[in-house]
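Undergrad: from the sequence below, what's the structure:
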Amino acid sequence: QERQEREEAERRRREEEAAHREQERQAPNEQERRARAEEERQQHDRIAVQMEEYVRQVFQTSPGGK
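TA: Below you'll find the predicted structure:
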């Protein structure tokens, strides 16, 4: 019984270590993914600002505008 419990504890410890190593391995990929997502969001924001400016100019210069 005691030996079985020790083996089970050792098996759990090895699994936890393996999971931790896998998490560390994936960490840089997660950072890269977040950086790409942030760049994409900023690009969308820039496009939105450009579109707002374009629409403002079109309506200011159109016959029905100001």
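
Undergrad: contact partners for residue 2?
TA: With contact set as CB atoms under 8 Å, 6 or more residues apart in numbering, residue 2 has no partners. The way it works is simple: take the backbone N, C-alpha and C, and place the C-beta from them, glycine included.

Undergrad: residues contacting residue 56?
TA: Residue 56 neighbours (CB under 8 Å, 6+ apart): none.

Undergrad: low-confidence ranges, the protein, go.
TA: Scanning the chain for pLDDT under 70 picks out the ranges 62, 64-66.

Undergrad: show me where it has helices.
TA: Using DSSP state H, the helices assigned to the chain run over residues 2-61.

Undergrad: residues near residue 18, how many?
TA: A total of 10 residues lie near residue 18 under the criterion other CB atoms under 10 Å.

Undergrad: shift numbering so it begins at 38
TA: Noted, 38 is the first residue going forward, which turns the last one into residue 55.

Undergrad: from residue 41, how far out is it?
TA: Distance, residue 55 to residue 41, using CB to CB, to the nearest Å: 21 Å.

Undergrad: now for residue 59, how many residues are close by?
TA: Residue 59 has 10 neighbours, counted by other CB under 10 Å.

Undergrad: kindly provide the distance from it to residue 75.
TA: Taking CB to CB, one finds residue 59 at 25 Å from residue 75.

Undergrad: swap in residue 93?
TA: Distance, residue 93 to residue 75, by CB to CB: 27 Å.
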